[in-house]
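1. When you get a sec, could you give me coordinates for this:
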Amino acid sequence: MVKVTVDGIDVDVPPGSNVLQACEAAGKEVPRFCYHERLSVAGNCRMCLVEIEKAPPKPFASCAYPVAEGMVVHTDTPMVVKARQGVMEFLLINHPLDCPICDQGGECDLQDQAVGYGRDTSRYDEHKRAVKDKNLGPLVKTVMTRCIHCTRCIRFSAEIAGVPELGATARGETMEVGTYVEKALSSELSGNLIDICPVGALTSKPYAFVARPWELNKTDSVDVLDAVGAAIRVDARGPEVLRVLPRLNEDVNEEWLADKSRFAVDGLKRRRLDSCWVKRDGRMVKASWTEAFAAIAARVQGVAGDKIGAIAGNLADAESMLALKDLMSALGSQNLDCRQDGADTDVFRRDFYTFNTSIAGIEEADAILLVGTNPRTEAPLVNARIRKRWLAGGLTVAAIGPELDLTYPAQMLGNAPALLAGLRDGSHPFAGVLKGAKKPMLILGAGALARPDGAAILAACWALAAGSHMLTPEWHGFNVLHHAASRVGGLDLGFLPGKGGKGLSAMVGGGVDVLWLLGADEIDTAKIGANTFVVYQGHHGDRGAARADVILPGAAYTEKNGTYVNTEGRVQRGQLAVYPPGEARPDWAIIRAFSAVAGKTLPYDSIEALRARLEQTNPVFARVDILPRFGCTDLTGPAGDASAVAAAPFVSPVPNYYQTDPISRASPTMAECTETFATPARAAAAE
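-> Now for the predicted structure:
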C-alpha cells in the first residue's frame, strides 16, 4: 500500500491508484466530468485539479496523476479554487442556456458543479457555437450543443458495450461527438450512455419532457425482463411508472442496465387487463370478481384432479407460483409446469440448473465455452461481464451454436452438438484449452434444454465439465444461463409435474379439461384443445388472454411485492412502486381468494405468511440477496444419456431481443426498436 496525505488526512491506497482515488479514500470530494470509475482515464475536462507538494507549482489533473509514497495533496487551496473556476468558465462558454427545458435538469453534474465550484458571474459575451443534433436511434436523444467533450460516451461504447460506434471528429472548437456516419446505436446497453453523460447532451428519447426528478417517487426493486435480476430503481408519478434506472449491485449488474429492461416501461400502461372477463355465448364480457370466481368454480366442480393443470409464465413471482401449486394440490392435481419452452431440466440437484460460477465469478475464469446460447441477446449484462473479463486479458472464449456477433473475440467451433463428444474425449483441439485452464467454465443456454434431446445435452455438458477440470472443490464451472425470470424460482419450488402428473405438452395438447395459465404467454395457444376451459391470470392482453374463457387481472412486477430468483439462484425481492390499475390485484391474493370460493382455502392470508411457507418449501428462499459460492465435490451428473445427443443444430431461443414478453410486446418503444434493428430488411441494409 502507498501512504498519501490528503488535506492533512493520511490514507493508504493500492499501488497504481491515482490521486483522485486517494482523495476519495480520504473522504474529500473532487469534482470531475470525464473521469468514471469503470472507464479508462481520459483527462479531458481538467476539472479534478489539485495541488501537490514538492511538485511544480501548478494544479494537476488528479485523475491522471499516479500516487507516490509520502505524497501530500491539497484539494482546496486558493490556486485550486481559482483554477477550477477557470475550467468551469471555459466549459460554460459554449454551453446553451437551456436548463429550464433540459431533461437533465435537477440531476445534472454540470449544474451541481457549476454551483459548487464555478464563478458567480460570466465574462463571456461572444456568440456561442451550435452543433447539429445526431440521430442515434429510438432510445437516445441528442442535443449536442450541450456536449462538453468529456468522451465518456465514446469510452463506454468502445470499452463496456464493445460496439465502438461513437467517436470524435475534427479538433478544438469544431470537434463533434457522433457516429461518423449517421446511424442508430446497435448496442443492447446504449441506454447507459444517458446515465454516464454528465450534461444533457444524451438523454432518454422516450422520456423527453415527461417529468422532473423531484416529481417522482423512487422505489428500489429488481428487473424481471430477463433472468439476470438486475437491481433497478422504479420512478413513478401518481399511478404511472415513468422510467426505470439501474441501481448499484457489484455482484449482478454493477451499475449498468440492458435496454429492454430500461425502455420497455411504456408497455406497462398499454394493453392492460384491469377487470375480469368471462366468456358467455362465445363472447367475452366484463364481469365482477364474484362472477369470474363463480364461473371457474362451477367448471372445476366435479372435474377429476388429473384433468386440471397449471402453467406458470416467465414473469411470475415465487409467491404466486407457490399459491397456485398449493391450489392445484388442494384440487388433487399434479399437473404443473413452469417451463413454457418445454425444457428438459433435472432438478435432483440445484447446481444442475443454475449459474453456479455466479455472474461476478466470470471475472475469475480463464476459458469459457458457450453451448447453444447467445448471451448478447439472452443476458446482455452477462455478456458485458464476459467482455470485461476479456479486456483484462488471459481469457479464451469459444462457442458451439449458430454464428454469434459477440462484443469480444470467440472461436466459433461450429453448430453441431456432436462437437461435445469431441471435446469430452479430447479429440477436438479446444479440449486442450479447457483442460489447460485453471478456472474454465461452461455456459449452457436454457434454449438448448428445450430441444427434444435436452436431457442428453444437459448430461453431455455436465460430463464435459467434469472431465475438463471445471468441477473442483474450489470452483464450479458448470452454468445454465436462463432467460426467464421465473424459471429458477419455479424449479426451486418444484412447480413441475408430480408423480403421474402431466407436463406442458400433455396439458396443452388436450390432456386436461381445465388449464390455469399464470401469465403464460409464450406457449402455442393454438394447440390448446377446443374443449379445454382456460383460465388466464395476468396483466396484459397477450396470447394467453386471447385464448381464455375467464380472465383474471393480475399485477405487473412494478405493482406488487414479489420474490424472484435469478439465473445464479440469487433470491431477490421486487417492491411495489405503483398500485395495479382498475380491479387488478396481486396474483397470490387472487389465487388465495379463489381458493376460498372453491372450498379449498389456502392456509395463509398475508404475504408474510406466504413467504414463511416459501421458506418451508425450500430453505433457499430464506437467503434473500445472499448467494454462497460453492465448489463441486460430487461429480455425479444429471439423469440424461450423454451419448443420445441429436444431430440437429442449435437454434437461438431469442430471435428478437426487444420483444420477449407481454410487457415488451406492448411497448411502442420496443416496437420501434424492432423496426429499427430486428427486421430483416433493415438488418441487411445496416450490413
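2. can you give me the helices in the stretch 301-450 of the chain?
-> Listed in chain order, the helices found in the stretch 301-450 of the chain under DSSP state H, counting those that start in this stretch are 318-330, 375-378, 380-392, 419-425, 429-436, 446-449.
3. how far does the third one sit from the chain's center?
-> This points to helix 380-392. Its chain's C-alpha centre and that of helix 380-392 lie 14 Å apart, by CA atoms, centre = their mean, to the nearest Å.
4. what packs against it?
-> With contacts defined as 3 or more CB pairs under 8 Å, 6 or more residues apart in numbering; DSSP states H and E, helix 380-392 has these neighbours: helix 375-378. Quick note: C-beta positions are derived from backbone N, CA and C, even for glycine.
5. if we can go back for a sec, of all the helices of the stretch 301-450 of the chain, which one is nearest E522?
-> Taking CB to CB, helix 446-449 is the member of those nearest to E522, at 12.0 Å.
6. any residues touching the closest one, and which ones?
-> Surrounding helix 446-449, the residues in contact under the criterion CB atoms under 8 Å, 6 or more residues apart in numbering are 341, 343-345, 371-373, 378, 401, 454-455, 457-458, 480-484, 487, 650-654.
7. And stretch 165-182, what's buried?
-> Buried positions in stretch 165-182, judged by neighbour count with 16 or more other CB atoms under 10 Å: E165, L166, V177, G178, T179.
8. So the last one sits against T142, correct?
-> To tie it back to what came earlier, the one meant is T179. No. The pair T179 and T142 fails to qualify as a contact (CB atoms under 8 Å) at a distance of 10.1 Å.
9. Give me the common contacts of these two.
-> Once CB under 8 Å, 6+ apart is applied, the residues that T179 and T142 both contact turn out to be K134, L136.
10. Tell me which stretches of the stretch 401-550 of the chain form strands.
-> Along the stretch 401-550 of the chain, the stretches classed as strands by DSSP state E, counting those that start in this stretch are 411-414, 440-445, 471-472, 475-476, 478-481, 514-518, 533-538, 550-553.
11. Any chance of those in a markdown table with mean pLDDT, mean neighbour count and distance to M670 as columns?
-> Output for those, formatted as a markdown table (pLDDT from 0 to 100; neighbours: other CB atoms under 10 Å; distance: least, CB to CB, whole Å):
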| stretch | mean pLDDT | mean neighbour count | distance to M670 |
| --- | --- | --- | --- |
| strand 411-414 | 96 | 16 | 29 |
| strand 440-445 | 97 | 26 | 22 |
| strand 471-472 | 96 | 18 | 39 |
| strand 475-476 | 96 | 22 | 35 |
| strand 478-481 | 97 | 28 | 22 |
| strand 514-518 | 97 | 28 | 23 |
| strand 533-538 | 97 | 26 | 18 |
| strand 550-553 | 98 | 26 | 22 |
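12. Excluding covalently adjacent residues, which one is nearest to G372?
-> The spatially closest residue to G372, leaving aside those adjacent along the chain, is A448, at 3.0 Å (CB to CB, 6 or more residues apart in numbering).
13. Show the model's pLDDT score for that neighbour.
-> Confidence per residue is given as pLDDT, and for A448 that number is 95.
14. Next, find the distance separating it from G432.
-> When CB to CB, to the nearest Å is applied, the distance between A448 and G432 equals 24 Å.
15. more crowded one of the two?
-> A448 (25 against 12; other CB atoms under 10 Å).
16. contacting residues for the residue lying closest to L420 once chain neighbours are set aside?
-> Once its chain neighbours are removed from consideration, L420 has its nearest residue in A460; the separation is 4.5 Å (CB to CB, 6+ apart). Residues counted as contacts of A460 (CB under 8 Å, 6+ apart) are P417, L420, A421, R424, G640, A642, S643, V645.
17. same deal with K279?
-> If a contact means CB under 8 Å, 6+ apart, then K279 has V285, A548, D549, V550 as its contacts.
18. does it sit in a helix, a strand or a coil?
-> In the three-state summary, K279 is assigned as strand, counting by DSSP: H, G, I helix; E, B strand; the rest coil.
19. how much space between it and E291?
-> According to CB to CB, K279 stands 12 Å off from E291.
20. now swap in L610 and tell me
-> L610 sits 26 Å away from E291, taking CB to CB as the criterion.
21. again with I663
-> When distance is defined by CB to CB, I663 is 28 Å away from E291.
22. How about the contacts made by R119?
-> For R119, the set of contacting residues under the criterion of CB under 8 Å, 6+ apart consists of Q85, M88, E89.
23. who wins for most neighbours among those?
-> Sorting the contacts of R119 by how many neighbours each has (other CB under 10 Å) puts M88 first, at 21 neighbours.
24. And whichever helix or strand it is part of, what's buried?
-> Here M88 sits within helix 78-91, counting by DSSP states H and E. When burial is assessed from 16+ other CB under 10 Å, helix 78-91 yields the following buried residues: V80, A83, R84, V87, M88, E89, L91.
25. so which of those residues comes closest to A556?
-> Here the nearest of the buried residues of helix 78-91 to A556, counting by CB to CB, is L91; it sits at 42.0 Å.
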